Structure formats: structure tokens, C-alpha cells
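Undergrad: Below is the structure, and that's it, no one-letter string:
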């Protein structure tokens, strides 16, 4: 929980790269924690590229395959980009 708070504190000071590094470290220690994946994914959605966000979600579902929210987040991003077939494929994996 402390690392998540630290990352949020970094973001409040516009230290995006520092927050990204905090999340990356937390994920090496706790790779199966969906809450960390969700927070890191939100950071990429807001401050990263579409590609970095998509990669983050793909990696997240590989570590947390039973976390339905992560699959839905990935499908929603594809759908929002107009890639309906891509969204279906995400949900079929």
C-alpha cells in the first residue's frame, strides 16, 4: 500500500517517470496484485502512449489471468479505438 501511496504522491508533483518506476518495482515484488496493475495501467492511459497502455494491460492479464477487470479494460481500449474485432479477440483469449 505504501508504494501505491508513493506513486500517487509522485503523480501529484507531476513526477510521472518516478511514479512509473515505483509501480514497476512494486510489480516485480507483487506481480499477482491486480490493484497495482490497475493503477499502473491508469498511469499509462493518462501519461503514456496507446502502445504502452496496451502492453501494460497485456502483461497484466498474463500475471492476473483471472482478474476480469483487466480483460475488460483491455477490450474497452480496443473498442474505444474503433477496433471492435480487436476487443472481441481480447475477450476470447
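TA: Arrived safely. Because the structure is predicted, anything quoted here is derived from the model rather than measured. Numbers count the residues shown, from 1 in each chain.
Undergrad: ok, residue 45 touching residue 54?
TA: No. Assessed by C-beta atoms under 8 Å, residue 45 is found out of contact with residue 54, at 9.9 Å. Every C-beta, even on glycine, is put in place using the N, C-alpha and C of the backbone.
Undergrad: Out of the two, name the residue with the larger neighbour count.
TA: Neighbours were counted for residue 45 and for residue 54 using other C-beta atoms under 10 Å; residue 54 has more, 20 against 17.
Undergrad: Roughly how far does the more buried one sit from residue 61?
TA: According to C-beta to C-beta, to the nearest Å, residue 54 stands 11 Å off from residue 61.
Undergrad: shared neighbours of these two, which are they?
TA: Counting by C-beta atoms under 8 Å, 6 or more residues apart in numbering, the contacts common to residue 54 and residue 61 are residue 74.
Undergrad: Touching stretch 39-51 from outside, list them.
TA: So stretch 39-51 is contacted by 4, 7, 11, 16, 19-20, 23-24, 27, 52-53, 56-57, 60, 70, 73, 77, 81 (C-beta under 8 Å, 6+ apart).
Undergrad: Give me the secondary structure label for the residue nearest the centre of the chain.
TA: Central residue of the chain (C-alpha atoms, centre = their mean): residue 41, 1.9 Å from the mean position. Under DSSP: H, G, I helix; E, B strand; the rest coil, the three-state class of residue 41 is helix.
Undergrad: ok, now residue 89?
TA: Applying three-state DSSP: residue 89 is helix.
Undergrad: which non-adjacent residue is nearest it?
TA: Leaving aside its chain neighbours, residue 89 sits nearest to residue 78 (7.9 Å; criterion: C-beta to C-beta, 6 or more residues apart in numbering).
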